[in-house]
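1. Could you look at this predicted model? Sequence included:
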Amino acid sequence: MPQTIELDIGRVIAGHGRHYIVETPEGREVQCSTRGKKSDCVVGDRVRWQVTDSRGHEGVIEAIEPRRNLFYRQDEWKTKSFAANLDRLLVMVAAEPVFSESQLTRALIAAAHAGIPAHILLNKTDLSEAAAAARARLAPYAAMGHPIIEVALKTRPDEARERLAALSSGATLVLGPSGTGKSTLVNLLVPDAAAQVGEISTALNSGRHTTTHTRWYWLDKAHEAALIDSPGFQEFGLRQVPVTDLAALMPDFARHLGDCRFANCSHDHEPGCQVLAALERGEITDIRHRIYLDLREELTRTRW
């Protein structure tokens, strides 16, 4: 009879190409690769792996355990799945520079599609005039039920730590464009983050490239809370979302669905559309409706 090989279990905490760092339940980090040219592993995955060297420092990933969820985004060229088994998404925006509501909406839709609760973190609230403007722009999102945490990470770090108590359990993916203070947040909550990045970079033999990849950090000694840092993004496509689901994934639209005159209403121009009626009443903002129409056009566009 063929011998049954006992596989160890671990969690992917960083990766570059087909090479990963897998953390064992005891906290040991093992350099692992995957079989074949293509890998579907992402940070946060629970994997089954097998030792390949006598010291137990290297291994090969044989299987990915079932995921609770998987978070995607797209750029112009391809779909990227880059984090799994998340408890929440933290979308960072800042009082300055002025944030993009389109990017924010895209991230929130991606989270809703994956079944991941989303929080919004407004940084640089010490810039009072700019913060007031940002707060006004975020008011509709608060009304939709998205929790908003306000911080000034650089000037009031102790207060920021207290307000970020919501991150004290589970795995939180931090997402945001450059300039929002994401590095400041990571360094505030993970004092040795820079050292960890260096160690991972050396282990994966990838130079500085790991700074553009997703990385898992534990926030406590009991390993009950984790922060997952991700690359800043300029584009955030939603090709994984069926266009027929789009309106239902936008809370301000969803509450008006089902009562339109036409069952296949596009919420663009049709008579008897309850979404357009809500827009007229000011219950949906003009910019949110424009973002919806842009996304709808994007998701129905022919792909070559």
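-> Cool, the structure landed.
2. Quick one: list the elements packing against the helix or strand hosting Cys32.
-> Element membership of Cys32, judged by DSSP states H and E, is strand 29-34. Judged by 3 or more C-beta pairs under 8 Å, 6 or more residues apart in numbering; DSSP states H and E, the packing partners of strand 29-34 are strand 8-16, strand 19-23, strand 46-51, strand 58-64, helix 193-204. From N, CA and C alone the C-beta is placed, and that goes for glycine too.
3. Looks to me like Gln103 is in a helix.
-> Yes: membership of Gln103 in a helix is supported by DSSP: H, G, I helix; E, B strand; the rest coil.
4. tally of neighbours for the residue nearest to it when sequence neighbours are not counted?
-> Nearest non-adjacent residue to Gln103, counting by C-beta to C-beta, 6 or more residues apart in numbering: Phe236, 5.6 Å away. Close neighbours of Phe236, defined as other C-beta atoms under 10 Å, add up to 20.
5. what's the answer for Leu70, then?
-> Neighbours of Leu70 using other C-beta under 10 Å come to 19.
6. Isn't it up against Val42?
-> Yes: with contact defined as C-beta atoms under 8 Å, Leu70 counts as touching Val42 (7.2 Å).
7. list the contacts for the nearest residue to Ala63 once chain neighbours are set aside?
-> Excluding its sequence neighbours, the residue lying closest to Ala63 (C-beta to C-beta, 6+ apart) is Arg48, at 4.3 Å. Contacts for Arg48 (C-beta atoms under 8 Å, 6 or more residues apart in numbering) come out as 7-9, 61-65.
8. Pull the most distant pair out of the residues you listed.
-> Asp8 and Ile64 (13.8 Å; C-beta to C-beta).
9. Helix or strand: which one has Leu89?
-> strand 88-94.
10. all helices for the stretch 101-250 of the chain, in order.
-> Taking DSSP state H, counting those that start in this stretch to define them, one finds helices in the stretch 101-250 of the chain at 101-114, 128-143, 157-163, 182-189, 193-204.
11. ok so, going back, from Thr184, how far off is the residue nearest to Ala63?
-> With distances taken as C-beta to C-beta, to the nearest Å, Arg48 is found 37 Å from Thr184.
12. swap in Arg261?
-> Here the criterion is C-beta to C-beta. By it, Arg261 lies 50 Å from Thr184.
13. who's more crowded, these two?
-> A count of neighbours by other C-beta under 10 Å puts Thr184 above the other of Arg261 and Thr184, at 17 against 10.
14. In this structure the more buried one contacts Leu153, no?
-> Yes: contact between Thr184 and Leu153 holds when scored by C-beta under 8 Å: they sit 4.5 Å apart.
15. Mutual contacts of those two, please.
-> Asn123.
16. which stretches of this protein aren't confidently modelled?
-> 1-6, 56, 75-81, 194-212, 233-235, 302-304 (pLDDT under 70).
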